[in-house]
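Undergrad: My questions are about this predicted structure, shown below with the sequence.
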Amino acid sequence: MPASTATATATATATATANASAPLSKSHYTAIPSFPACLGGEWKNMVKKPYLKATMRFTIGTVLPPHHFPSVSRIEVISGSIQVNDLQNGEAYLIGPGQDCMIPALLVHEVQCIENVEFEFAMNRDDMVIYWDLEER
């Protein structure tokens, strides 16, 4: 086998091996493990260090029931719109494309998807921890 063919074959084999162990494509959405399946949500582009960051999407009409996070989180809407209901203070915030919302640690809130929505979610920790507050409704 000529050297150039052997090099090309070795390179192709190395690339195939690297691709087999590479993480999923950045365009691939998967179910959010901390969310009940009935809520539907999906996420992608998960980064854990130095803090959790992912793109999430939900369909129109989805309501994420009362919940809170143990640390500060941030939502930045990419497309669609959501309403974040602060259940502790009785306030609601409509967030559309290009807008963001910081959610303080421990704040019990719910999210209503006004349209099909895609947003970037970031949490001030390296893993997804969510507490569902269904009994507080």
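TA: Okay, I see it.

Undergrad: C-alpha only now, for contacts and for neighbours.
TA: Fine.

Undergrad: Hmm, Met46 and Met56 touching each other?
TA: No - here Met56 does not reach Met46: they are 9.6 Å apart, not a contact under Cα atoms under 8 Å.

Undergrad: so where's this protein uncertain?
TA: Within the chain, the stretches with pLDDT under 70 are 1-27, 135-137.

Undergrad: So which residues of it form strands?
TA: Ranges of strands within the chain are 30-31, 42-47, 52-58, 63-68, 73-79, 82-86, 91-95, 100-103, 109-113, 117-123, 131-132, based on DSSP state E.

Undergrad: Serialize the ones you listed to JSON lines and add fields for mean neighbour count.
TA: Converted to JSON lines, these look like this (neighbours: other Cα atoms under 10 Å):
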{"stretch": "strand 30-31", "mean neighbour count": "14"}
{"stretch": "strand 42-47", "mean neighbour count": "18"}
{"stretch": "strand 52-58", "mean neighbour count": "22"}
{"stretch": "strand 63-68", "mean neighbour count": "19"}
{"stretch": "strand 73-79", "mean neighbour count": "20"}
{"stretch": "strand 82-86", "mean neighbour count": "20"}
{"stretch": "strand 91-95", "mean neighbour count": "14"}
{"stretch": "strand 100-103", "mean neighbour count": "16"}
{"stretch": "strand 109-113", "mean neighbour count": "20"}
{"stretch": "strand 117-123", "mean neighbour count": "22"}
{"stretch": "strand 131-132", "mean neighbour count": "16"}
